[in-house]
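Peer 1: generate coordinates for the sequence data below:
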Amino acid sequence: MKIHSRHRTGQGLIKLICLVAILQVANPVSGQDTHWSQFNMSPLTLNPAMTGGLYDLEAYINYRDQWQSVATPYKTMAGSFDMRFKNIKKKKGFLAAGLNFYNDKAGDLAMSTTQVNLHFAAHVRLNEYNTLGAGLSGGFVQRSINYSGIESGNQFNGMAYDGTLATGEPAAGNSRSYVDAGAGLLWTFNNTSGAVKVTDNHDLKINLGASIFHPHEPSYSFYNNMEKLYMKYVVHGEALISIPNTNIAFVPGFLFMRQGPSQEIYAGSMIRYKLKQDSKYTGFQKGSALSIGAYYRADDAVAASMLIEYSNYAIGVSYDINTSQLKSASSAKGGMEITLRFVNPNPFLYKGSAQSRF
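Peer 2: Below you'll find the model as predicted:
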């Protein structure tokens with residue numbers, strides 16, 4: 001299908017060229033699925049085994065606006081909730097369940113993808129500091145498109161654009177649905193989760209996981225042909241490494257995704273400064289922290305990131321600065337991303353009686 005801008009001037013032609021450039025340049029790094037610069041703030045889209053893997057309970061709301069400076073922006077909204085709900089064999093592990101959804105709308109044709117997934121995971125405590133978990137997800141996907149935005153070369157009458165002429169595109173439905181699935185593994189280490197508690201800001205927390213999505217490679221074309229959605233492979237990791245007797249910690253992370261001929265390599269770090277610790281006895285003083293850092297997506301962008309935490313709540317903001325060949329058209333402007341987070345237990349509590357990421 002030829003996707004053309006609705007503009008009928010030289011500006012519209014420039015916009016079309018930029019859109020084609022986006023599709024060509026972004027293909028090697030982003031694959032066919034949506035992606036998040038704040039990948040650690042969208043755990044259930046990262047790995048089904050992240051369900052209950054880091055907190056007793058967590059909830060996220062995500063929003064991303066991309067390529068607004070070049071073409072009709074790509075807008076993505078998502079949300080997730082998961083919790084632990086049952087111990088296995090007298091606290092030798094636990095079960096967890098979760099739910100996530102996302103909606104992605106792209107381009108002049110308002111090509112929309114809406115997905116809802118259920119997640120289940122089981123985590124086993126290897127010892128007081130280490131756990132190993134496995135998770136499964138399953139869900140339903142609905143895709144739609146608005147053909148009224150199509151303009152094609154067949155509608156050029158020799159002198160100008162003529163919207164009354166046929167586009168020449170084959171007839172197709174404007175909606176498509178399919179079921180989806182995923183599976184993953186997750187290892188976590190947390191030196192605050194054992195019987196003997198470490199002193200304040202001696203935290204060392206690590207999680208490392210691998211997952212697959214679309215193992216059955218579902219057909220997703222609007223033309224009902226044999227075009228398949230490639231299986232996606234994901235490897236990811238994150239750590240929190242505190243500097244003893246200071247308020248500073250490093251939070252490095254990495255993400256590798258491969259989907260068909262496309263792949264994404266993404267890595268970087270945040271520097272976290274603990275502004276306040278929860279009051280030890282009264283709980284009147286709420287803990288807070290500020291994290292600032294950057295991540296690099298190979299051959300595509302640098303994502304400048306900031307995370308503000310207050311008690312159980314956090315807000316993350318990131319902005320992609322385009323570094324690919326598209327930067328001449330985009331003026332290095334990529335995408336804004338905002339995330340809201342709620343977790344329990346409070347990550348600033350003195351007693352590390354429950355495992356948490358921060």
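Peer 1: what are the buried residues along stretch 220-235?
Peer 2: 220, 222, 229-230, 232, 234 (16 or more other Cβ atoms under 10 Å). Every residue, glycine included, has its C-beta placed from N, CA and C.
Peer 1: out of the residues you listed, which are inside strands?
Peer 2: Of the buried residues of stretch 220-235, the ones assigned to strands by DSSP state E are 232, 234.
Peer 1: closest to N117 out of the buried residues of stretch 220-235?
Peer 2: Distances from N117 to the buried residues of stretch 220-235, taken as Cβ to Cβ, are shortest for K232 (13.7 Å).
Peer 1: pretty sure that closest one is touching H35, no?
Peer 2: No: checked against Cβ atoms under 8 Å, the pair K232 and H35 is beyond contact range at 10.3 Å.
Peer 1: list residues touching both of these two?
Peer 2: M257 (Cβ atoms under 8 Å, 6 or more residues apart in numbering).
Peer 1: could you pull out the strands for the stretch 1-150 of the chain?
Peer 2: Ranges of strands within the stretch 1-150 of the chain are 57-66, 74-88, 93-106, 111-125, 130-144, based on DSSP state E, counting those that start in this stretch.
Peer 1: swap in the stretch 151-300 of the chain?
Peer 2: Counting by DSSP E, counting those that start in this stretch, the strands of the stretch 151-300 of the chain are 175-190, 204-213, 232-242, 248-259, 262-276, 288-297.
Peer 1: which one of the strands of the stretch 1-150 of the chain lies nearest to F250?
Peer 2: The nearest among those, by Cβ to Cβ, is strand 130-144 at 21.0 Å.
Peer 1: partner strands of the closest one, with direction?
Peer 2: strand 111-125 (antiparallel), strand 175-190 (antiparallel) (DSSP bridges).
Peer 1: in the first one, what's buried?
Peer 2: The one in question is strand 111-125. Those would be 111-115, 117-123, 125, for strand 111-125 by 16+ other Cβ under 10 Å.
Peer 1: of the residues you listed, closest to D56?
Peer 2: Closest to D56, out of all of these and judged by Cβ to Cβ, is H123, at 11.8 Å.
Peer 1: next, count neighbours for the closest residue to the closest one other than its chain neighbours.
Peer 2: Leaving aside its chain neighbours, H123 sits nearest to G133 (3.6 Å; criterion: Cβ to Cβ, 6 or more residues apart in numbering). By other Cβ atoms under 10 Å, 27 other residues sit near G133.
Peer 1: surely G133 meets V124?
Peer 2: Yes: assessed by Cβ under 8 Å, G133 is found in contact with V124 at 7.2 Å.
Peer 1: sketch out the low-pLDDT regions of the stretch 101-250 of the chain for me.
Peer 2: By pLDDT under 70, the low-scoring segments of the stretch 101-250 of the chain are 107-110, 147-158, 160-173, 194-201, 223-226.
Peer 1: now with 50?
Peer 2: The stretch 101-250 of the chain contains residues with pLDDT under 50 at 196.
Peer 1: pLDDT wise, what is the residue nearest to M257 when sequence neighbours are not counted at?
Peer 2: In space, and not counting its chain neighbours, M257 is closest to E264: 4.5 Å by Cβ to Cβ, 6+ apart. Here the pLDDT value assigned to E264 is 94.
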